[in-house]
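*Asks:* sequence unavailable; structure follows:
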């Protein structure tokens, strides 16, 4: 349950969630600099991303839904940090919330579930890149023990301006 009394279920994402997850992500593509994707996705284009997150293993997709309406409120993922094999014990994490679900504790529920799942995996470090400014995301990551490593200045260009990305690390302790 989140602070406003809404019952929220956190579960692995499935293909049945693809349309809702794509629409949620596309909001961030078209309306914000939180992601550096520039063109919205179709569900078909987004399907390989969904399938790259099985129910077990270090690369997870967890979805939060309102238990009454079954509406997707957000999702959290862990995915490869870098493609080379030696990076396998490291993951990059992210949380995306429906605009009306922010500030209600949904991100905390998602990260609680994600890091509980990752505790059972051979994962040593989690990283998160946060486009600046984004105080809500910085606070969420700090709450979960991420520490600031540094900031890449003006590393991305979107909406006619350059954006900084701050990088954070969480020690997970495996391997």
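*Replies:* Perfect, thanks for sending it. Keep in mind that this is a model prediction, so the values were computed, not measured.

*Asks:* only C-alpha atoms from now on, for both contacts and neighbour counts.
*Replies:* Fine.

*Asks:* identify the residues contacting residue 118.
*Replies:* Residues near residue 118 by CA atoms under 8 Å, 6 or more residues apart in numbering: 57-58.

*Asks:* so residue 171 makes contact with residue 126?
*Replies:* Yes: in this structure, residue 171 is within contact of residue 126 by CA atoms under 8 Å, at 6.6 Å.

*Asks:* between those two, which one's more packed in?
*Replies:* Using other CA atoms under 10 Å, the more surrounded residue of residue 171 and residue 126 is residue 126, with 23 against 14.

*Asks:* name the SS class of that one, please.
*Replies:* Put simply, residue 126 is strand when judged by DSSP: H, G, I helix; E, B strand; the rest coil.

*Asks:* how about residue 156?
*Replies:* strand.

*Asks:* do I have it right that it meets residue 36?
*Replies:* Yes: Residue 156 lies in contact with residue 36 (CA under 8 Å); the separation is 6.9 Å.

*Asks:* ok, residue 150 - how many residues close by?
*Replies:* 12.

*Asks:* pull up the pairing partners for the helix or strand encompassing it, direction included.
*Replies:* Assigned by DSSP states H and E, residue 150 belongs to strand 147-158. In the sheet, strand 147-158 lines up against strand 161-171 (antiparallel) (DSSP bridges).

*Asks:* in the strand it pairs with, what's buried?
*Replies:* Of the residues in strand 161-171, 163-170 count as buried by neighbour count, 16 or more other CA atoms under 10 Å.

*Asks:* make TSV out of those and add pLDDT and distance to residue 97.
*Replies:* Shown next, in TSV, are the buried residues of strand 161-171 (pLDDT from 0 to 100; distance: CA to CA, whole Å):
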residue	pLDDT	distance to residue 97
163	98	21
164	98	21
165	98	19
166	98	20
167	98	20
168	98	19
169	98	21
170	97	21
